[in-house]
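Enquirer: What follows is a predicted protein model with its sequence.
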Amino acid sequence: MSTNTHIMHSRVGLDGGRAGVELGEPVGRARRDAGAARELLEGVDSRGLTEELVEEALARVRCGVPVGELPSEVRERLTDGLIDELLGGVSGEEEIVGKGGLLAELTCRLVERAMAGELTGHLGYEPGHAPPGGAGNARNGTTPKTLQTDRGPIRIAAPRDRRGSFEPQIVKKRQTRFAGFDEQIVAMYSRGMTTRDIEAHLSEIYGASVGRDTISRVTAAVLADAKEWQSRPLESIYPIVFLDAMVIKIRDGNAVRKHSVYLAVGVNTDGERDVLGMWFRKTEGAKFWLGVLTELKARGVEDVLVCCVDGLTGFPEAIEAVYPKAWVQTCIVHQIRSSLRFVSYRDRRQVAKDLKPIYTATDRDHAETELERFAEKWDPRYPMISASWIENWEQIVPFLAFPPDVRRVIYTTNSIEALNRQIRKHIKTRGSFPNEDSVRKLLYLTITNAKKTWKNTYNWSAALAAFKIHFGDRLPDTAR
């Protein structure tokens, strides 16, 4: 058996594991990698790798096809004997995943063999044979190269040709990071790690020296995705759109200034939530919101039934210009919080209790009666509370037109507040961001991760039926 085949068989054997042993994350990762390689090499027989399997594996790698998606007839070729043969020579975590261990050696050998096969295809003849037609391009030794991989740095010998026309695809010229390494950097960045944290982590875990400039260049690739996401087409109608803001510190020359980041979350006719976009602004106003809403309309949003907002300055005027039929609903939770800011701790519980009959009233008239009763009791001490409710009354009461079990869907921006909490969790370790693009990258990645766990809107069927009654033909009959 050849050395290459022996090592590949050893690598396949890792998936077998040892019964009764609890493995840590490094070994667990090794076993997952081993499983992938195992399926990749399942056509190995006792004589070694077939050329067909090598070519198939390389083609799948070039096309980005996961190695786990092999045909069943290929999987059936692997025998347990191949695993048992080399398991005996593998023991200990360091021998498997340590520096210079089995995984690193296997990666090195597989990459070198793949590149050698690419060079053979480029030259048109096998090693040890003469070039077709006599004189022509020929092999010209190898060039040492260090690749940063998810198992640490590995040293490979990259083949070259005399004319310099060979362009390898498995590891391209000037490429120093192997497949999967950049994805790990982006994943760490999306979890809120700074470039300094990522640099230290890669050095500590993998022994890889990756500068912060390199990390920034890797994550910069996300920025193009974020900008494309921001301009993507949207659905024609959103029954509910939630709008809220959060404050983030961004460096501006030698100073650090606070910028507001505005997020819009839309609920489509199927009850599915989606973040429609993010916008940066130092201050808000009707002109700013007019630009945001005009952008949404340009991206395909023809109508919005209800907009739930947090008392955003200038928003009612802006939405009247773009979506004149939309209802503007102030977030009741924010209205209550704003009211309690003026109340002493001793009175806070009772004031909150007396406010509840207003926003749980059966209809608008009943709510007005409860507000008058509240004002009679608390105006001598806190006149600003009732004044605030009266000032915003037209944006507070729209949700009272719906049945009690539907009101919860629209009277609060909790959906977007939950997203904001996840974002704050990822940015809390950062004093400030260097620029707006760095914020955009992190928020885009956080939003992408958060959406994976989102569920449909609570009690959506009842809400949709109520919307159909109130808004009629504005809600299409095809909505479920």
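Expert: Nice, thanks for sending it over.

Enquirer: per-residue confidence at residue 128?
Expert: pLDDT recorded at residue 128 is 77.

Enquirer: That one in helix, strand or coil?
Expert: What DSSP: H, G, I helix; E, B strand; the rest coil gives for residue 128 is coil.

Enquirer: Can you get me a residue count around it?
Expert: 6 (other Cβ atoms under 10 Å). For glycine as for every other residue, the C-beta is placed from the backbone atoms N, C-alpha and C.

Enquirer: ok, it - contacts?
Expert: Listed by Cβ atoms under 8 Å, 6 or more residues apart in numbering, the contact set of residue 128 is empty.

Enquirer: Residue 157 now?
Expert: 112, 142-145.

Enquirer: now these in CSV, with neighbour count and pLDDT?
Expert: Converted to CSV, the contacts of residue 157 look like this (neighbours: other Cβ atoms under 10 Å; pLDDT from 0 to 100):
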residue, neighbour count, pLDDT
112, 18, 74
142, 15, 85
143, 11, 83
144, 8, 85
145, 17, 78
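
Enquirer: Pipe the residues you listed into TSV and attach secondary structure per row.
Expert: Shown next, in TSV, are the contacts of residue 157 (three-state DSSP):
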residue	secondary structure
112	helix
142	strand
143	strand
144	strand
145	strand
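
Enquirer: biggest strand in the chain, by residue count?
Expert: Counting by DSSP state E, the longest strand found in the chain is strand 237-252.

Enquirer: Helices of the stretch 101-250 of the chain, start to end?
Expert: With DSSP state H, counting those that start in this stretch, the ranges of helices along the stretch 101-250 of the chain come out as 102-123, 181-190, 195-206, 212-230.

Enquirer: Report the residue spans of the stretch 251-400 of the chain with pLDDT below the cut-off.
Expert: Scanning the stretch 251-400 of the chain for pLDDT under 70 picks out 283-284.

Enquirer: count of neighbours near the residue nearest to residue 319 when sequence neighbours are not counted?
Expert: The shortest distance from residue 319 to any residue other than its chain neighbours is 5.4 Å, reached at residue 326 (Cβ to Cβ, 6 or more residues apart in numbering). Close neighbours of residue 326, defined as other Cβ under 10 Å, add up to 19.

Enquirer: Any figure for the gap between residue 326 and residue 410?
Expert: 12 Å (Cβ to Cβ, to the nearest Å).

Enquirer: shared neighbours, these two?
Expert: Joint contacts of residue 326 and residue 410 (Cβ under 8 Å, 6+ apart) are residue 306.

Enquirer: Assign a three-state SS to residue 271, would you?
Expert: Residue 271 - assigned by three-state DSSP - is coil.

Enquirer: Ok, the one 5 residues further on next?
Expert: Reducing the assignment to helix, strand or coil with three-state DSSP, the entry for residue 276 is strand.

Enquirer: Surely it and residue 240 touch.
Expert: No - counting by Cβ atoms under 8 Å, residue 276 sits too far from residue 240 to count as a contact (11.5 Å).

Enquirer: what do these two both touch?
Expert: If you check residue 276 and residue 240 against Cβ under 8 Å, 6+ apart, the residues they both contact are residue 266.

Enquirer: Run through the bridge partners of residue 261.
Expert: Beta-bridge partners for residue 261, by DSSP bridges, are residue 246, residue 280.

Enquirer: need the contact list for it.
Expert: Residue 261 neighbours (Cβ under 8 Å, 6+ apart): 245-248, 278-280, 439, 443.

Enquirer: Return the member of the residues you listed nearest to residue 472.
Expert: Residue 472 lies nearest to residue 279 out of those, by Cβ to Cβ, at 31.5 Å.

Enquirer: Run a quick check on the closest one versus residue 245, I expect a contact.
Expert: No - counting by Cβ under 8 Å, residue 279 does not reach residue 245; the two are 9.2 Å apart.

Enquirer: and for the two, which residues touch both?
Expert: With Cβ under 8 Å, 6+ apart as the test, residue 279 and residue 245 both reach 261-262.

Enquirer: Assign residue 372 to helix, strand or coil.
Expert: Going by three-state DSSP: residue 372 is helix.

Enquirer: what's the burial count for it?
Expert: So residue 372, with other Cβ under 10 Å, has 12 neighbours.

Enquirer: Over to residue 165?
Expert: 9.

Enquirer: what's the pLDDT at it?
Expert: 84.

Enquirer: For residue 119, see how far away it is.
Expert: For residue 165, the distance to residue 119 - Cβ to Cβ - is 11 Å.

Enquirer: for residue 363, same thing?
Expert: For residue 363 relative to residue 119 (Cβ to Cβ), the value is 80 Å.

Enquirer: likewise residue 318?
Expert: Distance from residue 318 to residue 119, by Cβ to Cβ: 62 Å.

Enquirer: can you check residue 317 too?
Expert: 67 Å.

Enquirer: Check residue 296 too.
Expert: For residue 296 relative to residue 119 (Cβ to Cβ), the value is 53 Å.

Enquirer: swap in residue 459?
Expert: From residue 459 to residue 119 the distance is 63 Å (Cβ to Cβ).
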